[in-house]
Every structure is written in C-alpha cells, then in structure tokens.
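Engineer: let me see the structure of the following:
(one chain, ligands or ions: 1)
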Amino acid sequence: MPVDAIDFHCHIVPGADHGCKNSEVFQRQWKMIQDANISGVVATPHFYPHGDSVASFLKRRAQGVEKMKPHLSEASPLLYLGAEVLVCPNLQNLPDIERLCIEGTNCILLEMPFCAWTSADLESVRAIRDCGLVPLMAHVDRYVASDVLKLASLGVAMQVNATALASLFRRKNPYDFLKSGCVSAIGSDLHGVETYRKFLKAAQNPAVETADISAKSRILLSDATPLTL
Ligand SMILES: [Fe+2]
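Structural biologist: This is a model prediction of the structure:
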C-alpha cells in the first residue's frame, strides 16, 4: 500500500541541475524514492532566469528524462515534471513562463531570492498569480516568519521541506505555517544521495496529517499529466 504522500520538490533529473549529476546518481535516488513507496514525486530542476531560457531548460530536462526512463516502471511512483524557478523582478514577463508549471497544471514552484527580498520580487509573485498561474512557494521554512507573512498575504500556496519537520529539534515556524492552513505541499528537496528517510518521516508527521497536506497536494495536481513510459 503506497504512502499517501507526494514529494513536491525533488532534484532528480540527471544533468538538469546540480542536484543530480548523472544517471548513476539518479538510479540511487530513485531506489530510495521507490523504497519509500510514496504515491508521487514532482521533479523540479532549478531554473535561474538570469542564466537560462525556458527553451534551453526544457531541452536539458527532456534529455535528462530520457536517461531516467529505462529505470522507471509502471509500478514506480507517479512522476511529474516541473521546475524550481528563482524569483526576480519582472519574472512575470519571462517568455513562456507558463511552460515551467508542473506539466498539465498551472502550478509553478517559485523560490524566493537568497538575499533580502525586494518589493519588486514580491510584485513578481503577485503578477504571476494575477496572470492565472498558481504559485507554490518553495521551502518557506527557510525564511523568517515576517517574510512568509508577506507571501501569505498574497494568498499563494506554500511548500515546506521535510528536513524542517523531521528535525529532532522542533523549529517553530513550519508547525505554525501548517496550522495556519497555508501549506499545501511538502518536499524532500533531494539533492544527490542524501537520505530520503526524512521525507517519509515528515509525510507521516501528525502535524502534516492534521493539516491534510495530501488532499491539498492532490488538488494542486488534479490536472497534472504524469510522465508516461
Ligand atoms: Fe530545491
């Protein structure tokens, strides 16, 4: 019986970003994901708008997917293709930005900048939302609560990383975010062959179950088209 959980944030496409450098790494990652017996996983290679184009990103991702296919099977968890898009001013004007959504959906995983956010960054998120896409904000547990409140005021969906929930030392924010109802997804943010056990532990965390994350994640993926072999 699969664990009713979807990993919404995972770097497993070989050669598509620094999270998975080749097929060998992917095979080890996929073994861990299969062993976790979860219902689905969204592959989200990094997309950096200043150093890439949507066309070249999609080409690189497609080449990586071809390397993945021989190792997938009908019994594998459902695999969805997306991106983790770094927010910058005017991101909403990036040509073909909608093609970075999880395939079949209008849901786009957005990562806020590493440095202090500007009003222009937040305006980009608002504009992307207003043009009909559904922003899902990556790993909000990484940011201070006052900044996350700014995102919450935009009414966007949020994703929490498993590491923040699986920690022995409970950090307050992720639990507050879950209680507030704004979190719709959890993710492993898997890079390389670091352990996958934390994702499974987070998926079975009572706070995640109480917040009904699985149901919210399924809604985000209701029109999604998983990869077919
Ligand atoms: Fe990531």
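Engineer: could I get stretch 214-224 in PDB with only the CA atoms?
Structural biologist: Taking Å, rounded to 0.1, in the frame of the first residue of the first chain, the C-alpha atoms of stretch 214-224 are listed here in PDB:
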ATOM      1  CA  SER A 214      -2.100  15.000   1.000                       C
ATOM      2  CA  ALA A 215      -5.500  16.200   0.000                       C
ATOM      3  CA  LYS A 216      -4.200  19.800  -0.700                       C
ATOM      4  CA  SER A 217      -1.400  18.400  -2.800                       C
ATOM      5  CA  ARG A 218      -3.800  16.200  -4.800                       C
ATOM      6  CA  ILE A 219      -5.800  19.400  -5.600                       C
ATOM      7  CA  LEU A 220      -2.700  21.100  -6.900                       C
ATOM      8  CA  LEU A 221      -2.000  18.100  -9.200                       C
ATOM      9  CA  SER A 222      -5.600  17.400 -10.200                       C
ATOM     10  CA  ASP A 223      -5.000  18.200 -13.800                       C
ATOM     11  CA  ALA A 224      -1.400  17.100 -13.900                       C
END
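Engineer: check contacts around the residue lying closest to residue 145 once chain neighbours are set aside.
Structural biologist: Using CB to CB, 6 or more residues apart in numbering and skipping the chain neighbours, the partner closest in space to residue 145 is residue 173 (5.5 Å). Any C-beta I mention is one placed from the backbone N, CA and C, and that applies to glycine too. When contacts are counted by CB atoms under 8 Å, 6 or more residues apart in numbering, residue 173 touches 140-141, 145, 148, 164.
Engineer: my read: residue 161 touches residue 188, true?
Structural biologist: Yes. Between residue 161 and residue 188 a contact is recorded at 7.5 Å, counting by CB atoms under 8 Å.
Engineer: where does pLDDT dip in the chain?
Structural biologist: 168 (pLDDT under 70).
Engineer: what parts of it come near the ion?
Structural biologist: Neighbours of the ion within the chain, by CB under 5 Å from the ion: 84, 189.
Engineer: need the residues touching each of residue 161 and residue 188.
Structural biologist: residue 9.
Engineer: same drill for those two, tell me which one is more crowded.
Structural biologist: residue 188 (30 against 22; other CB atoms under 10 Å).
Engineer: need phi/psi at that one.
Structural biologist: Phi and psi for residue 188, reported as degrees, to the nearest 10, are phi -80, psi -30.
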